[in-house]
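In: Sequence first, predicted model second:
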Amino acid sequence: MVERREKIELICSAYETGNVTIESCCGEHGITVRTFWNWSDGDSWISDRYKKAKEKHAKIGKESIREKSEDGLMRLVVGYWVEETEIDELFSITGQLTGKRVKTKKRYVGPNATAVIFALKNVDPANWGENMNVEISGDKQIFKIGDQVIEFN
């Protein structure tokens, strides 16, 4: 029984890292996932340990997605450089490949307007949220953005 709990602890500890599946963890420790589920059904300690590991696994996965999403959004808001490589094959008159010419270019990808709007609405909803009002009466144009009022004559 001690060996089973040790295996379960190793499997759940590996699964908690968020980098592997429960199936691969079980396989790494010499049991099938079906055996793992059977042991879990028959032992509340195993079931509870797996539940904790599953919660930690999900939390790490969500955190990873959030970080990647923030990085991607930041790139779209401020712009970024892309390096592109172009390879031309050089041939002789007879059609033999004689060499290759490699060209590397850097290209700037500017900010994405939709991403900028999304970021502004989420970072400063009072000024950039959906509560922006525009009134046009006579010669005056009145814009209300959050608490700010801007008048044009």
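Out: Looks like it arrived, so ask away.

In: Which helix or strand lies directly C-terminal to the longest helix along the chain?
Out: Counting residues, the longest helix found in the chain (DSSP state H) is helix 44-78. Where DSSP states H and E defines the elements, the next helix or strand beyond helix 44-78 is strand 80-91.

In: Return the angle between stretch directions for that next one and helix 44-78.
Out: 80 degrees (axes from the mean of the first three to the mean of the last three CA atoms, to 10 degrees).

In: Show me what strand 80-91 is in contact with.
Out: 97-109 (CB atoms under 8 Å, 6 or more residues apart in numbering). Placement of C-beta: from N, CA and C, glycine included.

In: and L76, what pLDDT?
Out: Looking at L76, its pLDDT stands at 93.

In: Ramachandran coordinates for the nearest residue to it once chain neighbours are set aside?
Out: Closest residue to L76 apart from its sequence neighbours, by CB to CB, 6 or more residues apart in numbering: A115 at 3.6 Å. In terms of degrees, to the nearest 10, the main-chain angles of A115 are phi -70, psi -40.

In: which residues touch A115?
Out: 73, 76-77.
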